[in-house]
Structure formats: structure tokens, C-alpha cells
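> got a predicted structure here, sequence first:
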Amino acid sequence: MTVDVLHARRPLAQSTARRDAAHFIDGAFTQGTSGKTWQNTCPVDGSLIGSVPEGGPAEIDAAVAAAWAALDGPWGRMTVNERTALLGAVADEINRRFDEFLEAECLDTGKPMSLASHIDIPRGAANFKMFTDVAKTVATECFTMPTPDGNGALNYALRRPRGVIAVISPWNLPLLLMTWKVGPALALGNTVVVKPSEQTPLTATLLGEVMNTVGVPRGVYNVVHGFGPNSAGALLTQHPGINGITFTGSTASGEAIMRQAAHGIRPVSAELGGKNPALVFADADLDRAIEGTMRSVFSNCGQVCLGTERVYVERPVFAEFVARLKQGAESLRLGRPEDPATGLGPLVSEQHRRKVLSYYARAVEQGATVVTGGGVPEMPADLAGGAWIEPTIWTGAADDAAIVTEEIFGPCCHIRPFDSEEEAIRLANATRYGLAASVWTENLSRAHRVAARMEVGICWVNSWFLRDLRTAFGGAKASGIGREGGVHSLEFYTEITNVCVKL
Ligand code: NAD
Ligand code: 6OD
């Protein structure tokens with residue numbers, strides 16, 4: 001179904017009466033026993049979506065026990081072909097129920113359906129298919145070695161699933177980022193307990209229905225809702241029955257989770273925050289650079305970990321670049337998710353809007369020039385309760401200003417001129433983060449030279465968020481630990497035993 005048809009059908013926020021979320025434990029939906037709930041609201045207009053139960057020790061214990069029973073039982077006994085066939089069916093079922101996933105994701109996040117229908121939901125399905133090939137084709141190493149008696153020895157490696165994996169995921173691309181962990185974890189034979197973001201509980205819940213429909217054994221995929229500290233997130237990551245924790249979220253939460261993981265020595269895979277630079281050289285194709293930077297700054301209302309918040313432009317094209325990006329920002333249409341003309345949705349919540357607005361205020365206090373935006377837009381009465389914010393561009397801030405050094409996670413960027421390749425590289429790397437960078441140039445040698453010096457996990461040349469799922473994904477410096485994607489996912493989701501046979 002196309003977005004146009006959905007639009008014609010009904011406004012998103014009125015599309016269902018109410019959607020209460022539920023935990024999904026051992027193949028069954030439950031409200032749990034804690035008696036605590038919270039209200040899930042839609043950031044488009046502040047309307048109530050439904051209630052969400054907060055999991056406590058009983059739900060976490062039950063989910064971990066179910067995951068162990070599945071691992072020791074039907075899931076652990078399946079062949080890789082049986083397992084991956086089921087995951088292929090999960091992908092097909094997500095695609096069959098595409099509109100339900102799309103609607104749920106856009107209700108929770110407020111993001112445009114035109115975006116979620118191209119990125120979030122298709123990738124949510126693809127994440128289950130991608131890792132089936134890895135699981136089926138992975139080989140392990142083998143070494144022969146001489147021994148003093150002349151008979152030698154043979155070493156070979158065996159890979160087995162790590163065990164029960166805790167998946168802690170954020171709200172910005174809820175289904176995509178959660179399945180980016182669950183897909184490889186299950187393909188490689190683990191079972192999972194997921195704690196989705198408290199702000200976006202719906203698609204993780206819906207995925208439980210898909211698991212049951214296609215016959216994934218109960219206990220393989222479990223979901224417990226709740227918050228992070230002093231709630232389900234902390235309980236799950238500290239649970240002794242968890243063998244590994246894979247986390248996507250802020251660097252501050254990543255640090256807390258690493259401390260929690262230290263109890264019992266559990267490995268952590270962490271995809272964290274960023275303060276990503278774009279370098280635009282005077283020899284760039286400016287049309288492409290503007291189009292790519294529009295996406296990298298404003299897509300998903302700037303709530304993409306890979307998004308650009310610092311733009312460095314070589315001085316001869318600086319004025320033109322600023323003017324054209326300003327024009328692009330001012331042409332973005334704010335609106336409802338189901339409206340195909342919407343280019344920018346709201347931020348995820350009023351709380352997050354307060355954070356982003358605090359940076360808008362500090363930018364001015366610290367002497368930046370506001371090229372466009374900088375505040376809250378006037379919206380029609382039916383959207384006035386939403387978390388709307390203006391797309392914003394600054395120039396003229398000092399290199400140590402908050403808007404240049406701290407991750408904002410909003411639809412905004414600072415643009416600064418540079419005069420040499422060396423200066424551009426120095427400015428790009430002058431951050432504690434190291435997630436992504438984009439380099440815009442038509443000079444092939446420069447492209448390779450500069451990319452090799454970016455202190456990041458991913459460097460795009462003349463593109464942004466172009467993803468081949470076989471490649472390594474992750475961050476350097478404070479942007480993460482480890483890499484996932486393709487065979488790199490084996491590192492975290494499997495454990496190796498070396499067998500040494502004396503001949
Ligand atoms: P967050 O860190 O606030 O929350 C992420 C998840 O962690 C949520 O489910 C939350 O409940 C849980 N959590 C928080 N503290 C916890 C704790 N102590 N123990 C257990 N669980 C805990 O992040 P967010 O606000 O949801 O997402 C935005 C942040 O995520 C940004 O910093 C963004 O850059 C980052 N992010 C990074 C990537 C990446 O791939 N590198 C991708 C998406 C988002
Ligand atoms: O594309 C991916 O696999 C990925 N993890 C994207 C992360 C986007 C951050 O918001």
C-alpha cells in the first residue's frame with residue numbers, strides 16, 4: 001500500500017481507538033504483575049496512544065527463564081537451515097503486515113510515513129534475511145602444528161551461540177535498530193530478551209505476533225517494557241542469566257550499561273552517540289552535496305545517530321553552500337506522518353524538544369549567528385500539542401561552543417569555513433565521538449586520502465546512510481565498542497572454542 005492510500009484513508013493518530021502495549025514473554029502477551037504502567041503519547045499532537053506496562057523483577061526473571069528454556073530446547077536443537085528458514089518467514093510476515101508496522105512506528109515516533117516506508121520497515125524485515133546467509137556460510141579456522149614427538153597436533157575452532165542476549169534499543173529507528181540486533185542474534189542460534197525504548201513500545205510488541213504466526217518457538221524472542229535506570233533496563237542488564245548485552249543509545253547510558261555488565265563479566269556491544277562531520281570541498285558537486293547534507297541534517301528530524309551536526313565547507317563555496325542549505329531547510333514542510341508532502345516530523349517527545357531547545361538558546365548565548373530557524377514553529381491548532389521544532393542552521397560559533405561539541409540529536413547543524421585539507425581533517429577529528437563522516441569531493445585522490453584519516457567507524461564519500469549490511473558498522477572513540485554487520489556480527493553473537501587434538 002502506498003502512503004497516498006493511507007493518507008486518503010484516515011489521519012494517523014485517529015486510526016485506532018487505543019493501542020496498549022504488552023510484554024511478550026514465552027510466546028504470550030501479558031501485562032505482568034508489577035501493576036505499574038505509563039501513558040504512551042503521540043509526538044505529532046500529544047494524543048494518547050495507549051498504556052504500557054512497566055516490567056519488574058518478575059517479568060525479567062520470567063523472560064530470561066523462557067529464553068533459556070528455548071535455548072536448551074527447540075531452538076537449540078534446530079539445524080541452521082531450519083532456524084534461518086523461520087527467520088526468512090519472519091521477514092516475509094513483516095512485509096505482509098507492512099502497513100501495521102508502518103502505522104505503529106509512525107504513531108510512536110511521529111516520523112513521516114514516506115521515510116519509514118522506505119527505511120524503517122523494509123530494513124526491519126531485511127535484518128532477518130541478511131544474517132541467514134552469514135549463519136549458513138560461516139567457516140572457522142584450522143591449524144596444524146608440529147610437536148616434539150613428531151606426531152603433530154590439529155587445532156580447529158568451533159563456534160556456538162553466546163547464549164541469552166539482552167537487546168536494549170533506542171527510539172529513533174525503533175524497529176530497524178532492534179532487529180539489527182535481534183536478526184543476527186537469532187540467526188546465530190541465540191535467544192533474546194528485548195527492552196525497547198520506553199518511548200516507542202509498539203513495533204517490538206507487534207513483532208511478537210509475527211514470531212507466533214510463523215512458528216518461532218516460544219521463548220526465543222521476548223520483550224519486557226520499562227525504563228532504563230532502576231527499571232527493566234537495569235534489571236535485565238544485571239541479570240545473571242544474561243550472557244551478553246547489545247545496546248544502542250546514548251554514550252551516557254552506554255557507560256552505565258558497561259558498569260552493569262561488569263557484574264558477572266558479560267560482554268557488551270555498544271552503538272553510541274555521535275557528533276558527525278561533513279566535509280564539503282570546493283571541488284564537490286554542490287548539487288549532490290546539498291542534497292546529501294539536507295538528508296544527513298534533517299532526516300528523521302535530525303534524530304539519526306549518523307546524522308551530520310557539523311558541516312565544514314571550503315571557503316570559496318562557503319557562502320553559496322550556506323545560502324542553498326538555508327533555502328532547503330526553509331522549504332521543508334512540517335506535517336502529519338501520513339501526508340506525502342511532509343518532509344519533517346516532530347521530535348520524539350516534549351522532553352526531547354526541551355533538550356534541543358536548550359541548545360538553540362545556548363547557540364545564541366555563545367555568539368552563533370542563526371541563519372534560519374532557532375525556535376518553535378507555529379502549527380495549526382490540531383498539531384499544537386506536538387513536539388514541533390524549526391529546522392535550524394548556525395554559523396559563527398567558536399570551535400568549543402556547545403553546539404559544535406555536544407550531540408544535540410535535532411534538525412540542526414553548524415556550518416564553518418575551512419581553508420585547507422589539513423585544517424578540515426583536524427576540525428573533523430576534534431571531537432570525543434567517532435561514529436560517521438561524509439566527505440564531498442570530485443577529486444578521487446583527495447577522497448581516499450581524507451577518508452583514510454577520519455577517526456570514525458563509517459566514512460561516506462559523496463553519500464550518506466548508504467548501507468551495505470555486509471559491512472562493519474559501529475563507532476570509534478566514545479561512539480561505541482565493537483562492530484556489527486555481516487561476518488563482524490559473529491564476534492559478539494558467538495563464542496569460539498578452540499579444539500586442540502594431539503595426534
Ligand atoms: P538512551 O541511551 O536514553 O536510551 C536507549 C535505551 O537504553 C532505552 O531503551 C533506555 O530505556 C535504555 N537505558 C537507558 N539507561 C539504561 C540503563 N542504565 N540500563 C539499561 N538500559 C538503559 O538513548 P535514546 O535517547 O533512546 O537514543 C538516542 C541516543 O542513541 C543518541 O545519543 C544517539 O546518538 C544514540 N544512537 C546511536 C546509534 C548508533 O548506532 N551508534 C543508533 C541510534 C541511536
Ligand atoms: O543502518 C544500521 O545498521 C544502523 N545501525 C543505523 C543506525 C542509525 C542510527 O540512528
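Done, it's in. Ligands and ions are numbered 1, 2, ... in the order given.
> next up, the contacts around the residue most central in space within the chain.
A centroid search over the chain (Cα atoms, centre = their mean) returns residue 177, at 3.9 Å, as the residue closest to the centre. Taking Cβ atoms under 8 Å, 6 or more residues apart in numbering, we find residue 177 in contact with 169-170, 248, 271. C-beta coordinates here come from the backbone N, C-alpha and C atoms, glycine included.
> go on, residue 40?
Counting by Cβ under 8 Å, 6+ apart, the residues that residue 40 touches are 19, 21, 48-52, 108, 199, 201-202.
> list the buried residues for stretch 194-201?
Buried residues in stretch 194-201, counted by 16 or more other Cβ atoms under 10 Å: 194-201.
> now do stretch 355-369
Buried residues in stretch 355-369, defined by neighbour count with 16+ other Cβ under 10 Å: 356-357, 359-360, 362-363, 366, 368.
> cool, and stretch 159-179?
Neighbour-count burial for stretch 159-179, counted by 16+ other Cβ under 10 Å, picks out 159, 161-179.
> what about it and ligand 1, touching?
Yes. On the criterion Cβ under 6 Å from any ligand atom, stretch 159-179 is in touch with ligand 1 at 168-172, 177.
> number of nearby residues for whichever residue of the chain sits closest to ligand 2?
Of all residues in the chain, residue 305 sits closest to ligand 2, at 3.4 Å by Cβ to the nearest ligand atom. By other Cβ atoms under 10 Å, the residues close to residue 305 number 24.
> isn't it right up against residue 435?
Yes. Assessed by Cβ atoms under 8 Å, residue 305 is found in contact with residue 435 at 6.1 Å.
> find residues that contact each of the two.
272-274.
> among those residues, name the ones that also lie close to ligand 2.
Answer for the shared contacts of residue 305 and residue 435 near ligand 2: none qualify (Cβ under 6 Å from any ligand atom).
> among those, which lie within strands?
Among those, no member falls in strands (criterion: DSSP state E).
> coming back round to it: can I get the buried residues of stretch 355-369 in TSV with pLDDT and distance to residue 421?
Formatted as TSV, the buried residues of stretch 355-369 follow (pLDDT from 0 to 100; distance: Cβ to Cβ, whole Å):
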residue	pLDDT	distance to residue 421
356	98	32
357	98	36
359	98	29
360	98	32
362	98	31
363	98	28
366	98	28
368	98	25
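> how about the residue in this protein that sits furthest from its center?
Computed with Cα atoms, centre = their mean, the maximum C-alpha offset from the centroid of the chain is found at residue 149, amounting to 54.3 Å.
> chain center to stretch 42-59, what's the gap?
Centre-to-centre, stretch 42-59 and its host chain are 20 Å apart (Cα atoms, centre = their mean, to the nearest Å).
> revised request: answer the last question for stretch 134-146.
Worked out by Cα atoms, centre = their mean, stretch 134-146 lies 31 Å from the chain centre.
> end to end on it, go ahead and measure it.
Taking Cα to Cα, to the nearest Å, the first and last residues of stretch 134-146 lie 33 Å apart.
> average pLDDT for it, rounded please.
Stretch 134-146 carries an average pLDDT of 95.
> returning to that earlier point: list just the nearest of the shared contacts of residue 305 and residue 435 to residue 376.
Minimum distance to residue 376 across the shared contacts of residue 305 and residue 435 is 24.2 Å, recorded for residue 273 (Cβ to Cβ).
> so the closest one versus residue 401, what's the distance?
Residue 273 is 18 Å from residue 401, where distance means Cβ to Cβ, to the nearest Å.
> and the two? Which one has more around it.
residue 273 (22 against 19).
> how is this protein carved up into domains?
Per automatic domain parsing, the structural domains of the chain span 22-34+54-272+479-502, 276-467.
> what is the end-to-end distance of the longest one?
Just to be clear, that refers to domain 22-34+54-272+479-502. The stretch domain 22-34+54-272+479-502 measures 54 Å between its terminal residues, going by Cα to Cα.
> one more: stretch 20-32?
End-to-end distance of stretch 20-32 (Cα to Cα): 13 Å.
> other residues contacting that stretch?
For stretch 20-32, contacts defined as Cβ under 8 Å, 6+ apart pick out 37, 40, 50-56, 58-59, 62-63, 66, 69, 201-202, 204-205, 207-208, 211-212, 217-219, 221-225.
> show me which of those residues are buried.
Using 16+ other Cβ under 10 Å as the burial test, the contacts of stretch 20-32 include 37, 40, 50-56, 59, 62-63, 66, 69, 201-202, 204-205, 207-208, 211-212, 217-219, 221-225 as buried.
> just give the closest residue to residue 233, not the sequence neighbours.
Spatially, and ignoring its direct neighbours in sequence, residue 233 is nearest to residue 195 (5.0 Å; Cβ to Cβ, 6 or more residues apart in numbering).
> what of residue 337?
Using Cβ to Cβ, 6+ apart and skipping the chain neighbours, the partner closest in space to residue 337 is residue 106 (4.0 Å).
> which SSE is that neighbour in?
helix 98-109 (DSSP states H and E).
> who's in contact with the residue lying closest to residue 238 once chain neighbours are set aside?
Counting by Cβ to Cβ, 6+ apart, residue 238 lies nearest to residue 260, which is 5.0 Å off, once chain neighbours are set aside. Counting by Cβ under 8 Å, 6+ apart, residue 260 touches 234, 237-238, 245.
> now, the residues you listed that are in strands?
Counting by DSSP E, the part of the contacts of residue 260 found in strands is residue 245.
> quick one on the thing from earlier: closest to residue 138 out of the buried residues of stretch 194-201?
Nearest member of the buried residues of stretch 194-201 to residue 138, counting by Cβ to Cβ, is residue 194, at 24.1 Å.
> quick check, that closest one in a strand?
Yes. Assigned with DSSP: H, G, I helix; E, B strand; the rest coil, residue 194 falls within a strand.
> isn't it right up against residue 220?
No. Contact criterion Cβ under 8 Å: residue 194 and residue 220 do not qualify, at 11.3 Å.
> quick revisit: need the buried residues of stretch 194-201 in TSV with pLDDT and distance to residue 415, can you?
Formatted as TSV, these follow (pLDDT from 0 to 100; distance: Cβ to Cβ, whole Å):
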residue	pLDDT	distance to residue 415
194	99	39
195	98	38
196	98	35
197	98	31
198	98	34
199	98	30
200	98	31
201	98	37
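> what's the farthest-apart pair in the residues you listed?
Using Cβ to Cβ, the buried residues of stretch 194-201 span at most 14.7 Å, a distance reached by 194 and 199.
> picking up where we left off before, the helix or strand that the helix holding residue 106 is followed by packs against which elements?
Where DSSP H and E defines the elements, the next helix or strand beyond helix 98-109 is helix 113-116. Under the contact criterion of 3 or more Cβ pairs under 8 Å, 6 or more residues apart in numbering; DSSP states H and E, helix 113-116 touches helix 3-9, helix 98-109.
> any regions of the chain where pLDDT drops low?
Across the chain, the ranges flagged by pLDDT under 70 are 1-17.
> which parts of it sit against ligand 1?
Residues of the chain found near ligand 1, taking Cβ under 6 Å from any ligand atom as the criterion, are 168-172, 177, 195, 197-198, 227-229, 233-234, 237, 248-250, 253, 256-257, 260, 271-274, 305, 407, 409, 435, 475, 479-480.
> if you set the cut-off to 5 Å instead, what comes out?
168, 170-171, 197, 228-229, 233-234, 237, 248-250, 253, 256, 271, 273, 305 (Cβ under 5 Å from any ligand atom).
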